[in-house]
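In: fold the following.
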Amino acid sequence: MTPLGRIIAGLIDAAGPLPVGEYMAVCLSDPRHGYYSTREPFGKAGDFVTAPEISQMFGELVGAWLSAAWQASGSPASPVIAEIGPGRGTLMKDVARTLARIGPDLRNGASFHLIETSQKLAQAQAKTLEGSGGRFDWHSGVEDLPRGRPLFIVGNEIFDAIPMRQYVKTAQGWRERVVTLVAGERLAFGIGPGSIDPGLLPAGHANAPQGTVFEAAPARSALMQMIAERIAADGGCGLFFDYGHLEPGFGDTFQALHAHRPAHVLDNPGEADLTSHVDFHALAAVARAAGLSVRLATQGEFLLRLGLLERAGRLGAAADDARRAVISGEVERLAGPEQMGALFKVLAVAPEGATLPGF
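Out: Take a look at the predicted model:
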C-alpha cells in the first residue's frame, strides 16, 4: 500500500468508511502525499498528455478565440485573462504568444492570471512562461482575481479533477458509495447510509436496475456558479474543455491513470491521477441560472470551426514530409472522432446576446 494509502486506511479504521468524493479529494490534494502536491503529472514523463501539450495549434486557436470574443464584447479596457488549472503553463504561453501576434491591443491592455493550488505546478508554470513577456500573477482561487473588470477565463481538463460523489441503486433505494477497509489492509468499495434527493436524479431513475451508479458533482457546480456570477457582474466570457457528456445519465466513470495506463482507482492512492466524466448539462444549467448564455459543442467541431485544418496547412506548408506527418497526427488526435474530438466537449458561457466564435 502507498504511504497515502496507509493514511487513508488509518482514517477509515478510526472514523469509518470514506465517501468516494472524500477519498478522491484526499488522493489528489493531500498536502504531503497527494497526487498534485507531489508530482508533475503532465507530459510523456507524467501520467497523461493534455491538448496544449499535444500541439501548439490548440493554444493558438484558444488565443484567437479569446481575441475574437474580446472584440465581440466591445473590446473593453483592462480585461482579466485567466486560466484555471494551468497544467505546466503551456496553454497560457501559447495564448500569450498568439495574442502578441494577432491581438496586440488585447495582449498589452490585459492582465494575465493563473489559478493554481499546487505550489509544485505553479513553479513549473512560471518556468514555462519565462520569456513570454509581460507579467503573470498566480492565485489560489477564482475569488482572488481582480474585480470590476471583464473576465475572460479558460480551463482545460479542470472540472474532471474536482471530486464527485457516487450513488448506487440498492434494494433500499439510492445509497452513497464509500471506500472501506477489508481485513485491515485492502481498500474496497462499499455502500454507506447516505442518500440523494430523488429530484436530483435523471429521468428513469425509478426503473434503473440495482447496481446502477449515478454521479453528482456539487463542487463542480459550485465552481461554475462562482465563475458565472463573476461574468454576469463584470462581463467577459468563459471557455472550458473536458471529457464528459452533454446529457445527464447513469454510469460509473470514476477512473485512474498511472504512467499513461489505466489503473484501478483504489490501487495507488496519491500516485495515480483520479478523474471522472463531466456532466456538461449540469454545468450549463448553473450558468443559465446565473443569467448567462451557453454554447456547447464537441471539441472536434469547435476546433475545426475555428480553423484547425487551415492552421495545420499553414504550419505544414514550410515543413518537410516528416513534420507534416506529425502535424496531421496532431490534428487527428485533437479533433478526430475516435480520439479527443468526440469524447471531449466544449462549454462557453457569456452574457446574453454575446456572439461567440466556434459555435
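
In: can you map out the helices along the stretch 1-150 of the chain?
Out: 3-15, 20-29, 35-38, 51-54, 56-72, 90-102, 104-109, 119-128 (DSSP state H, counting those that start in this stretch).

In: so for residue 292, which of those sits nearest?
Out: Closest to residue 292 of the helices of the stretch 1-150 of the chain is helix 56-72 (CB to CB; 13.3 Å). In this view, the C-beta of every residue, glycine as well, is placed from N, C-alpha and C.

In: by contact count, what packs against the closest one?
Out: Helix 56-72 is packed against helix 51-54, helix 90-102, helix 104-109, strand 151-156, strand 236-245, helix 299-306, helix 308-317, helix 321-335, with contacts defined by 3 or more CB pairs under 8 Å, 6 or more residues apart in numbering; DSSP states H and E.

In: as TSV, those with mean pLDDT would be great.
Out: Formatted as TSV, the helices and strands packed on helix 56-72 follow (pLDDT from 0 to 100):
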stretch	mean pLDDT
helix 51-54	95
helix 90-102	97
helix 104-109	96
strand 151-156	98
strand 236-245	97
helix 299-306	97
helix 308-317	94
helix 321-335	95
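
In: make JSON lines out of these and add distance to residue 218 and mean neighbour count.
Out: Output for these, formatted as JSON lines (distance: least, CB to CB, whole Å; neighbours: other CB atoms under 10 Å):
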{"stretch": "helix 51-54", "distance to residue 218": "27", "mean neighbour count": "22"}
{"stretch": "helix 90-102", "distance to residue 218": "27", "mean neighbour count": "21"}
{"stretch": "helix 104-109", "distance to residue 218": "35", "mean neighbour count": "15"}
{"stretch": "strand 151-156", "distance to residue 218": "18", "mean neighbour count": "24"}
{"stretch": "strand 236-245", "distance to residue 218": "16", "mean neighbour count": "23"}
{"stretch": "helix 299-306", "distance to residue 218": "25", "mean neighbour count": "21"}
{"stretch": "helix 308-317", "distance to residue 218": "35", "mean neighbour count": "15"}
{"stretch": "helix 321-335", "distance to residue 218": "31", "mean neighbour count": "16"}
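
In: just send those back as a markdown table, with distance to residue 71 too.
Out: Converted to a markdown table, the helices and strands packed on helix 56-72 look like this (distance: least, CB to CB, whole Å):
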| stretch | distance to residue 71 |
| --- | --- |
| helix 51-54 | 23 |
| helix 90-102 | 11 |
| helix 104-109 | 8 |
| strand 151-156 | 11 |
| strand 236-245 | 12 |
| helix 299-306 | 15 |
| helix 308-317 | 19 |
| helix 321-335 | 25 |
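
In: for residue 278, which of these is the nearest?
Out: That would be strand 236-245 among those, by CB to CB, at 3.2 Å.

In: next, the angle from the closest one to helix 299-306.
Out: 140 degrees (axes from the mean of the first three to the mean of the last three CA atoms, to 10 degrees).

In: looking at the helices of the stretch 1-150 of the chain, spot the one closest to residue 151.
Out: Among the helices of the stretch 1-150 of the chain, helix 56-72 comes nearest to residue 151, with 11.2 Å by CB to CB.

In: show me what counts as buried in the closest one.
Out: Of all the residues in helix 56-72, those buried under the rule 16 or more other CB atoms under 10 Å are 56-70.

In: before we move on, what about stretch 113-132?
Out: Of the residues in stretch 113-132, 113-116, 118, 121-122, 124-125, 128-129, 132 count as buried by neighbour count, 16+ other CB under 10 Å.

In: wait, what's in contact with residue 212?
Out: 168-169, 250 (CB atoms under 8 Å, 6 or more residues apart in numbering).

In: how far is the strand or helix carrying residue 178 from where the chain is centred?
Out: If you go by DSSP states H and E, residue 178 is part of strand 173-182. Offset of strand 173-182 from its chain centre (CA atoms, centre = their mean, to the nearest Å): 26 Å.

In: go on, stretch 102-122?
Out: For stretch 102-122, the distance to the chain centre is 17 Å (CA atoms, centre = their mean).

In: just the CA atoms of that stretch, as PDB, please.
Out: The C-alpha coordinates for stretch 102-122 follow below in PDB (Å, rounded to 0.1, in the frame of the first residue of the first chain):
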ATOM      1  CA  ILE A 102      -2.900  38.800 -33.800                       C
ATOM      2  CA  GLY A 103      -4.300  40.900 -30.900                       C
ATOM      3  CA  PRO A 104      -1.600  43.300 -29.600                       C
ATOM      4  CA  ASP A 105      -4.100  45.700 -28.100                       C
ATOM      5  CA  LEU A 106      -5.600  42.900 -26.000                       C
ATOM      6  CA  ARG A 107      -2.100  41.500 -25.200                       C
ATOM      7  CA  ASN A 108      -0.900  44.900 -24.000                       C
ATOM      8  CA  GLY A 109      -4.100  46.000 -22.200                       C
ATOM      9  CA  ALA A 110      -5.000  42.800 -20.400                       C
ATOM     10  CA  SER A 111      -3.600  41.400 -17.100                       C
ATOM     11  CA  PHE A 112      -2.800  37.700 -17.100                       C
ATOM     12  CA  HIS A 113      -3.600  35.400 -14.200                       C
ATOM     13  CA  LEU A 114      -3.200  31.700 -13.400                       C
ATOM     14  CA  ILE A 115      -5.400  29.900 -10.800                       C
ATOM     15  CA  GLU A 116      -3.300  27.100  -9.200                       C
ATOM     16  CA  THR A 117      -3.500  25.400  -5.800                       C
ATOM     17  CA  SER A 118      -0.300  23.300  -6.200                       C
ATOM     18  CA  GLN A 119       2.900  25.100  -5.400                       C
ATOM     19  CA  LYS A 120       4.900  22.500  -7.400                       C
ATOM     20  CA  LEU A 121       2.800  23.100 -10.500                       C
ATOM     21  CA  ALA A 122       2.900  26.900 -10.100                       C
END
